[in-house]
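S.K.: how would this look folded up:
(4 chains)
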Number of protein chains: 4
Amino acid sequence: MAGARRPGRNFLFVPGPTNVPERILRAMHVPMEDHRSPDFPKLTLPLYEGMKKSSRPRTGQVFIFPSSGTGAWEATLTNTRSPGDKMLASRFGQFSHLWIDLARRHGLEVIVQEEEWGTGASPERIEEALRADKNHDIKGVMVVHNETATGVTSDIAAVRRAIDAAGHPALLYVDGVSSIASIDFRMDEWGVDLAITGSQKGLMLPAGLGIACVSEKAMAQTKDATCRRAYFDFADHMRTNPGGYFPYTPALPLLYGLRESLAVLSEEGLENVFARHRYLANGTRAAVKAWGLELCAKDPKWYSDTVSAIMVPEGFNGADVIDRAYRRYNLALGAGLSQMAGKLFRIGHLGDLNELMLLGAIAGAEMSMRDVGIEVEPGSGLAAAQEYFRGAQGAGEARLAAE
Amino acid sequence: MAGARRPGRNFLFVPGPTNVPERILRAMHVPMEDHRSPDFPKLTLPLYEGMKKSSRPRTGQVFIFPSSGTGAWEATLTNTRSPGDKMLASRFGQFSHLWIDLARRHGLEVIVQEEEWGTGASPERIEEALRADKNHDIKGVMVVHNETATGVTSDIAAVRRAIDAAGHPALLYVDGVSSIASIDFRMDEWGVDLAITGSQKGLMLPAGLGIACVSEKAMAQTKDATCRRAYFDFADHMRTNPGGYFPYTPALPLLYGLRESLAVLSEEGLENVFARHRYLANGTRAAVKAWGLELCAKDPKWYSDTVSAIMVPEGFNGADVIDRAYRRYNLALGAGLSQMAGKLFRIGHLGDLNELMLLGAIAGAEMSMRDVGIEVEPGSGLAAAQEYFRGAQGAGEARLAAE
Amino acid sequence: MAGARRPGRNFLFVPGPTNVPERILRAMHVPMEDHRSPDFPKLTLPLYEGMKKSSRPRTGQVFIFPSSGTGAWEATLTNTRSPGDKMLASRFGQFSHLWIDLARRHGLEVIVQEEEWGTGASPERIEEALRADKNHDIKGVMVVHNETATGVTSDIAAVRRAIDAAGHPALLYVDGVSSIASIDFRMDEWGVDLAITGSQKGLMLPAGLGIACVSEKAMAQTKDATCRRAYFDFADHMRTNPGGYFPYTPALPLLYGLRESLAVLSEEGLENVFARHRYLANGTRAAVKAWGLELCAKDPKWYSDTVSAIMVPEGFNGADVIDRAYRRYNLALGAGLSQMAGKLFRIGHLGDLNELMLLGAIAGAEMSMRDVGIEVEPGSGLAAAQEYFRGAQGAGEARLAAE
Amino acid sequence: MAGARRPGRNFLFVPGPTNVPERILRAMHVPMEDHRSPDFPKLTLPLYEGMKKSSRPRTGQVFIFPSSGTGAWEATLTNTRSPGDKMLASRFGQFSHLWIDLARRHGLEVIVQEEEWGTGASPERIEEALRADKNHDIKGVMVVHNETATGVTSDIAAVRRAIDAAGHPALLYVDGVSSIASIDFRMDEWGVDLAITGSQKGLMLPAGLGIACVSEKAMAQTKDATCRRAYFDFADHMRTNPGGYFPYTPALPLLYGLRESLAVLSEEGLENVFARHRYLANGTRAAVKAWGLELCAKDPKWYSDTVSAIMVPEGFNGADVIDRAYRRYNLALGAGLSQMAGKLFRIGHLGDLNELMLLGAIAGAEMSMRDVGIEVEPGSGLAAAQEYFRGAQGAGEARLAAE
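M.R.: Numbering: from 1, shown residues only, chains lettered A, B, ... in the order given. Sure thing, here's the model as predicted:
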């Protein structure tokens, strides 16, 4: 911890970075080595294959940048687009907002479809806009799969159907930062052309790797893209990656970490990871209901299995809950951002997590709310989550049955 | 974890080994070095001073063995006693039993005072026995300060007063394995002659160091002690320790760990550590009361602040609760030992621990009990502990106030 | 190591990444935490101060990006320049070449002064070019301080004097990747406007941090710079850094590593670090001379104290030496790049290094050369380096004297 | 390092503790866990099997104590012998001396055969003594396989033949601390009854595990052995080990380390480990010869492949060389002990070691000798070792060929 040490563990429930399993921390504790040695590709080449298994493209390219996920956003846009290109984007939270902003800084003209925060992308409105774009000026549709700021998951398959229904050639750009390796994501089946993620969510690593998955169709557009790029240029990677090398010195510990992370995911099984996230999400939602509070997500169809944004009652400030939780109970909750500032607090329930960790966090949220005057019943959220976990054929039970 | 990896952290609530703080794990991650180098004493000499601060002898010697705490038991007895020597010992749990057994294996004649399990040493009976020992045949009184098997703390100061009241010269031997650096312990003030501990409890280290604190009075008896000894012989240490060396190759990572552990304890402050353990113990006891269950400890005066042994209702087996907790919820609870087998389960609440970790464990115990049919109210223990923590001027609140 | 494990340590003598001290590896072994917590600035704010001490600007700004050093190149150019801007750059090795290439990709017009590989930037030619630029079309002068590809250090102070002598307002852009925290570098005194480095050289960290130091004069030009930028935009950092935060999730372990690295550098003392690098370089050069070989650097005034590029005799391929060293002796040497491919091999002598490590590498180079048929005298380079080290008032001796 | 940090790595060439491979250090960086959990035996049970592969008993028992190797000495004697038992022991170095001393402290009567330091056990004299012992009063023969103090390996198979030739039932007790997992050792084939080792030599772990391998014949004698024992009593282990548990809290990180160590040894192959140690020993001996110095070992048949004790010329003090090496060159050499004090210095060449590490140490020894006035030719030892390594079909070459 950055500050003075406190006894016991910090309960980290911001929706990223997530908890890094001990075995991944160990795997990253490595001496440096020559990244141009003949042995180096034995480390790197399997990483591309492993990422393909996680994000599920059968074809196309994976690029791994020493950057945050934001860098991967930049990479996908600058490598495939030219200044002045039109993009269609849904905005319904802070991260969809920031991605649009980044696109504009690179000279793209973004047509924004505003959606109420707490909902997600509207396939109907997307189809409508694309149908209206007779000249096919719109070059890409940008959707944040899982909006971390509001706890909302959009239906990417439906967006693809909308694009196809409109008979429009626009590429589908998807921010999968808090969805890839966390919830169901199907690059090929959903016809996603460019998907990005960062290392610090479902991959259970520190931030520092920005990862882009690019379809063959999207790769074909890179040669005509005139957005300026160098650090994030796919071309340098295309020259060096196939041999197992990088155009510049890679962030070695994170590559070792990624290898271990992919092994961890593979051992648990991606489907089991998704099921566990849903199970933990359901427990969280049971607690919220027992507290008599509302989620930011307006409808169950928007519920995110990786993060729950919980509205505080009128007259209270979510930031007070968060501050109390951090200072008094060593619990890190996510804050409300932008137009949600003060209105909610967020519990991330993804990554290396189990029931008791989550119950500890629910206990901390419960005490913090009471401390700032929100009159939830003591133990009520806990009891509801406990009884859900006990009854559910959840991750733990499934594992037991398998033994 | 030894077994197949499970998502999320194991909740370790056996009363030892305790959780090792990350910074101590880091401190132990060291390359080997020459334990006879001129620099080596810079590491070792401060450890003796530090241990004296933790166990509070102002005088006497500290010995650090590469062994478990059991080895320190052996060291204190074989270095000060001769075969056939009479010892007086109270037995009220598995660890007091094992220590007596060890003494007998080394040829000592142990007069055992049986006390009901759930109570502790009786100063009255000890005084009585010593008064009756007109010839002063009894050479030592052996007391386990904190009986980890039953969650009982004995009153060592009262035992000293009993010895003094009887005008008896017997040495006072104290097992401080789960008390030193965990609860109040005063070597000099209480007239303890030999005290031992292990690294895996309040010192928050892995097992592997057996530590003995020996008064000057006890040191004076080593020259006449004829119990066979070599590995645990104080004499070899007396020859090498003052210069900062050991008679054989030391367990280096644990020495670095001990240095960090002493720093951690010093930063928090021993008194604050004791207060935190009491605060966490009170929260646990509030939960037990809310469940309608009983502690093994018969009376508040015996309550241990480092471990609570919780009786399961008639007709249930504590082992089932423990098994369920481990397999289903990744929670390690302590078992009932010997005559308490099956009758209880134990929650350790010492070491690197805070409220939310403990609430996670209480939640797990609650669910496990319900799973095996013990009808505690869902959330009841949690709510009681939460409200205690919120109201108490506990560790968290005190820290906040100090900021 | 990426490949199958071999007994013993790899001798890493590529000139970067350099060896990461154990204590820095330990410092990076941390759980994740909330990068928006009130404690977080306690970690981050001192890093900027620390970097200023290492690179020696008294004023201006330091920016820390989750990227390689290449990203910092991009950041300095895109934040201060507009497409079409003219830059003057010296090219005398692979890294000066790559920087020029990156500038051109961002639309800058780079006037290249070719210098013989093995020499460095020519202050005379720079002054001449600037004097000829009557309209002050040239906006910046780009110099690689230490050209890692050829083992050549340029005289930055002289370049500044040349700019001033020409009375030209061009900014001075310096690549300090293998100079900052490695050899003498004086941001303010030399009037450097933008300097960059990466974490994997003198800072003794894994790659993954790109660091830019920016003078106030350069900061003033950012508002008019129209190069497209988002990920590397200083503006987002200016909004968040002063409070101790980042515009996106930072690479946490590297920040902890940087804190430890700055402590390590401060404990040794920057001047002592520079002196040690010179001492190790002198030992290396003594070995090269004893072998009867030549450095790539044409003249002692170009000699780099962080890397020596050693020409193999006519008829031999440097790549064979490197391959043999790696496969047979577990020694990683640097390769000849671009027009130097096959003509040389490189020994990095910077970072966490001492005499015996270097002698091991010299021994390995000696054996590898002999194995591929280069007839150096066995032990000759070693004896020369040994005798130099013994005679020199080098780092070791100075430390001894100081004790 | 215990002292102030110095740049670069310490060269650790005391003959133990040896260098711990990074991957073993990583494997030991583990959170604590319940050592009575149902998963725990998955960790522990394979350790016994693995140790049997390393020390090569097909039958009998392996015991793992939380202690140094000295503790294992004590365990083998006290579990199989009674006070007053006669033992026959060869003494030819500090470690054979200390073992004899330990036996005597436990009441055994040790008949000592003094051998010149620099030689080893004499099968002829042992046979003679046993033949003379008509009543079979001698219960055991104690031999240190590899005397670390003098760099001498005794011929254990010949000792067994001597015992058998005498038709004597005495058990064969062997100290294999610096031989097991380091040089050829054959428990069953050589008829060794009790063999011990420590974790800090060929097992490449920190000290802290004392390991005893006990034949069935020796196990049969434990029930009649009356030496006092408790901590080291085999009986407690016999009750708990078969289930995968221990009689007291084990030193968890070392168990994980041992698992990794056994994997490392198995991957390289024990025979290859022995061959590598011989190859490194030969290189060291080539250097000694080139220096014009003598080994303490009187004859090639005594040469140890794990440690070389090098006599300094008349008029010089080995301690000065060692002191200089440590302070000036960060090289840890072994000292002369007892009657060899000042007469020699030792280079350990076992464990996780390769050619360049050893050449670094030889370079350091060479410089240190010259610094204190011993006039060895600069580079002479290095050149001899280098040329040996280049010519030998050594470990490196064999590995290359196998690729």
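
S.K.: assign a three-state SS to the spatially most central residue of chain A, would you?
M.R.: By CA atoms, centre = their mean, chain A has its centre lying nearest to residue A:178, at 1.0 Å. Using DSSP: H, G, I helix; E, B strand; the rest coil, the secondary structure recorded for residue A:178 is coil.

S.K.: show me where the stretch 51-200 of chain A has strands.
M.R.: A:61-66, A:86-91, A:109-114, A:138-144, A:146-147, A:152-153, A:171-175, A:194-198 (DSSP state E, counting those that start in this stretch).

S.K.: so which elements touch the fifth one?
M.R.: Meaning strand A:146-147. Using 3 or more CB pairs under 8 Å, 6 or more residues apart in numbering or on different chains; DSSP states H and E, the elements in contact with strand A:146-147 are helix A:94-105, strand A:152-153. C-beta: built from backbone N, CA, C; applies to glycine.

S.K.: what distance separates it from the centre of its chain?
M.R.: 7 Å (CA atoms, centre = their mean, to the nearest Å).

S.K.: can you report how many residues lie near residue A:116?
M.R.: For residue A:116, the neighbour count with other CB atoms under 10 Å in any protein chain shown is 11.

S.K.: and for residue A:188?
M.R.: 15.

S.K.: and residue A:220, by the same measure?
M.R.: Applying other CB under 10 Å, I find that residue A:220 has 10 neighbouring residues.

S.K.: same thing with the one 4 residues further on?
M.R.: The criterion is other CB under 10 Å. On that basis, residue A:224 has 9 neighbouring residues.

S.K.: the stretch 201-350 of chain A: strands as residue ranges?
M.R.: A:209-214, A:294-295, A:307-311, A:331-332, A:334-335, A:344-348.

S.K.: as JSON lines, the helices and strands packed on strand A:146-147 with distance to chain C, mean neighbour count and mean pLDDT would be great.
M.R.: Shown next, in JSON lines, are these (distance: least, CB to the nearest CB, whole Å; neighbours: other CB atoms under 10 Å in any protein chain shown; pLDDT from 0 to 100):
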{"stretch": "helix A:94-105", "distance to chain C": "4", "mean neighbour count": "21", "mean pLDDT": "97"}
{"stretch": "strand A:152-153", "distance to chain C": "20", "mean neighbour count": "27", "mean pLDDT": "98"}
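
S.K.: include distance to residue B:54 when you put those into CSV, please.
M.R.: Below are the helices and strands packed on strand A:146-147 laid out as CSV (distance: least, CB to CB, whole Å):
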stretch, distance to residue B:54
helix A:94-105, 49
strand A:152-153, 52
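
S.K.: can you put these in TSV and add distance to chain B?
M.R.: Converted to TSV, those look like this (distance: least, CB to the nearest CB, whole Å):
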stretch	distance to chain B
helix A:94-105	25
strand A:152-153	21
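
S.K.: who wins for proximity to residue C:238 among these?
M.R.: Closest to residue C:238 of these, according to CB to CB: helix A:94-105, at 15.0 Å.

S.K.: indicate which one of the strands of the stretch 201-350 of chain A is closest to chain C.
M.R.: With CB to the nearest CB as the criterion, chain C lies closest to strand A:331-332 of those, at 3.8 Å.

S.K.: that closest one pairs with which strands?
M.R.: Note on strand A:331-332: by DSSP bridges, its sheet partners are strand A:11-12 (parallel).

S.K.: chain center to the next helix-or-strand element following the strand it pairs with: distance?
M.R.: The helix or strand immediately downstream of strand A:11-12 is helix A:22-28, counting by DSSP states H and E. Put simply, helix A:22-28 sits 21 Å off its chain's centre (CA atoms, centre = their mean).

S.K.: could you dump helix A:22-28 to PDB, C-alpha only?
M.R.: Once non-C-alpha atoms are left out, helix A:22-28 reads as follows in PDB (Å, rounded to 0.1, in the frame of the first residue of the first chain):
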ATOM      1  CA  GLU A  22      -0.100 -14.900  -5.800                       C
ATOM      2  CA  ARG A  23       1.100 -17.300  -8.400                       C
ATOM      3  CA  ILE A  24       0.900 -14.600 -11.000                       C
ATOM      4  CA  LEU A  25       2.800 -12.200  -8.800                       C
ATOM      5  CA  ARG A  26       5.400 -14.900  -8.400                       C
ATOM      6  CA  ALA A  27       5.600 -15.500 -12.100                       C
ATOM      7  CA  MET A  28       6.400 -11.900 -12.600                       C
END
